[in-house]
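In: here are the coordinates; sequence isn't available:
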């Protein structure tokens, strides 16, 4: 399984950015695709996810309105659009996949390597 993010870079406050994640090797029992981010010296934190089983998106509460996740089950890809970027959005953004295991045994997580987003004036 491979997840590869792209679209990061250096942007100015107020700009918009779209991050993309392409995957390979994910099976059809894919439960969700998600985005997390990690600030320097901190743990990764949840940004948004797309749960295919219920066809719904979820967001970290404080990010609602500026972040939009989309995902395609057939292609097993996801994008994260970020509007009105703030300096505080500077982080490494990670693509994440949860594969549902059989017999209710839980989920198998998969991570991408991350893409750096720097917001600076």
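Out: Nice, I can see it. No experiment lies behind these values; they were computed from the predicted model shown. Numbering: from 1, shown residues only.

In: Residue 103 falls within a helix, correct?
Out: Yes. The assignment for residue 103 by DSSP: H, G, I helix; E, B strand; the rest coil puts it in a helix.

In: So for the spatially most distant residue from the centre of the chain, what pLDDT did the model give?
Out: When distances are taken from the C-alpha mean of the chain, residue 103 lies farthest, 26.9 Å away, according to Cα atoms, centre = their mean. According to the prediction, residue 103 has pLDDT 88.

In: quick one: contacts for the residue nearest the centre of the chain?
Out: Nearest to the mean C-alpha position of the chain, counting by Cα atoms, centre = their mean, stands residue 35 at 1.8 Å. Residues near residue 35 by Cβ atoms under 8 Å, 6 or more residues apart in numbering: 19, 21, 47-49, 69, 78, 80, 93-96. For the C-beta atoms, the positions are set from N, CA and C on the backbone; glycine is no exception.

In: And for residue 67?
Out: 47-48, 59-60, 80-83.

In: For ChimeraX, write a command that selects the buried ones of those.
Out: Of the contacts of residue 67, the buried ones go into a single ChimeraX selection, burial set by 16 or more other Cβ atoms under 10 Å:
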select :47,48,59,80,82
